[in-house]
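Asks: coordinates only, sequence not included:
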DNA sequence: AGGATAAGATAATGATCGCTACAGAAAGAA
DNA sequence: TTCTTTCTGTAGCGATCATTATCTTATCCT
C-alpha cells in the first residue's frame, strides 16, 4: 500500500472507489441514460457537488466505470480467447465466460453492450462501439491464428458477438440462469 | 373503402395513419425513451396539441405503433412457425424471417425488442416483456407439437429468443446485412 | 349569414435533466 | 490563532421533458 500522503484541505467524506463500484452497478443494471445524477447521489449518499468534484461529470464517471469493468473482465476474455483450440472451442469458451459474467449480481448483463443498445448519445455509442469492435478484432486474429480463413473468422466472430448481445439483453431482462445456460448449450 | 362520413368541425390537416408510420419508424430506430414528443412533432409536421388530440399520449401512440408493428409482422412469424418441420427448421425459419424484418429500412431492428432493452419505464417493459413471452409460448407449443419434449422445446425457443435479441441489437447498431447473414448461418 | 363543432397555433405548465455558484466547514501549514 | 486549501450542503441555473389551457381558424348544419 502506497503511503497516502495526507492531503491539504478538508478530507473527502466518502470513498471514491466504492462510489465508482456503486455507479458501475447502477449503469450496468439500467444503462447510462436511465441513471440520473440524482440517482447516483442517492446511491452513494453524496450531494451533486461532491460527485462532480470527485469524478468530473456523469460521462467521466461512466467512462471510469467502463475502464474498471474492462479491467475486471479483460483477463477472463483474454484467457478464453487464448486457450481456444479451434473455432467451435472459441465460441464455447467466450460465450460461457460471457454468460457467467452477465449473470453475476442478479443479472446485470454487460455494461458495455447494455449501454450501447440503450443510450441516445451518439458520442457514447461510438465509443462503446469501438470497444466492441476491438474485442471482435482480437477474436478474429485468434481465429485466424487457429487456422481459419479471414471470412470464416469474421463470420464466426460476428456470430459470437451477436450471441453475446442476445445473452446480455436476456440476462438484463431478468431471464433466469438455468434457462439461459440451457439455451446457450444449443447455440454452441 | 368505407364511405368516410364528412365529420363536423375543422378537418384534420395531417393523416393520422401516416403519422403513425412515422412514429413507428422513429420508435424502432431510437427506442421509446429517446424519441421525444418534440421529435415526433417535427417529423410529422404537427404541433403538440394536434398530436395529443390524434393519439392521446406518447405512450398511447407507442402502443398503437406496437399494434401496427405486430399486425404487420405476425403473418411472417406465424407462417415461419407453422411451416416448421422440426426443431432445427423452426430455428432456421424464425431467425431468417426475423433478420429479414430487422434489416428493412436500413436496420431498424425489432420495435418490441429494441424498446424492451432500452426503456427505463417499468410498465412499458412489462408490457413488451409479455409480448415476447407470448411469442415464445407460441413457438414452444409448436415445438412440442413437432415432437419435442417440453424441456427441449423451452431450451430451443429460449435459444431462438436470445438469438433474436442479438440480431435486433446488432441490426440497430448498424452492422451490415451480409455480415449478419453470414453470422446467422453459423447460429443455425 | 349564424351557430355548432372540432382542429389549428401560441405559449405556458410543473417536473426533471446535468451541472454549478456560493458560502460554510474541516483539515494542514504558518 | 490565522491563512490556505479542499471538501460539503444549499439552492438554483438553463434546458428539456410530456402535457395542456387558451384562443383562433376552418368546416358543417341550419
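Replies: Yes, it's here. Just so it is clear, the structure is predicted and the values come from calculations on it, not from any experiment.

Asks: which one is the residue nearest the centre of chain A nearest to, not counting chain neighbours?
Replies: Centroid-nearest residue in chain A, with CA atoms, centre = their mean: residue A:111, separated by 3.6 Å. Using CB to CB, 6 or more residues apart in numbering or on different chains and skipping residues adjacent in sequence, the residue nearest residue A:111 is residue A:28, 4.1 Å away. Just so you know, the C-beta spots here come from the backbone N, C-alpha and C atoms, and that holds for glycine as well.

Asks: Relative to DNA strand D, which residue of chain A is the closest?
Replies: residue A:9 (1.8 Å; CB to the nearest atom of the strand).

Asks: so is that residue in a helix, a strand, or just coil?
Replies: Under DSSP: H, G, I helix; E, B strand; the rest coil, residue A:9 falls in the coil class.

Asks: Burial check on it, number of neighbours?
Replies: When neighbours are counted by other CB atoms under 10 Å in any protein chain shown, residue A:9 registers 5.

Asks: separation between it and residue A:53?
Replies: The gap separating residue A:9 from residue A:53 is 11 Å, by CB to CB, to the nearest Å.

Asks: try residue A:107
Replies: With CB to CB as the criterion, residue A:107 and residue A:53 are 33 Å apart.

Asks: Which residue of these two possesses the greater neighbour count?
Replies: Between residue A:107 and residue A:53, residue A:107 has the larger neighbour count (other CB under 10 Å), namely 19 against 11.

Asks: how many neighbours does the residue lying closest to the more buried one once chain neighbours are set aside have?
Replies: Nearest in space to residue A:107, with sequence neighbours left out and distances taken as CB to CB, 6+ apart, is residue A:171 at 4.4 Å. Close neighbours of residue A:171, defined as other CB under 10 Å, add up to 26.

Asks: Who are the contact partners of residue A:171?
Replies: A:99, A:102-103, A:107-109, A:180 (CB atoms under 8 Å, 6 or more residues apart in numbering or on different chains).

Asks: Mind checking if the host helix or strand of residue A:43 is in reach of DNA strand C?
Replies: Assigned by DSSP states H and E, residue A:43 falls within helix A:37-44. Yes: judged by CB under 7 Å from any atom of the strand, helix A:37-44 comes into contact with DNA strand C at A:37-39.

Asks: And stretch A:120-129, by the same measure?
Replies: No: using CB under 7 Å from any atom of the strand, stretch A:120-129 stays clear of DNA strand C, coming no nearer than 10.0 Å.
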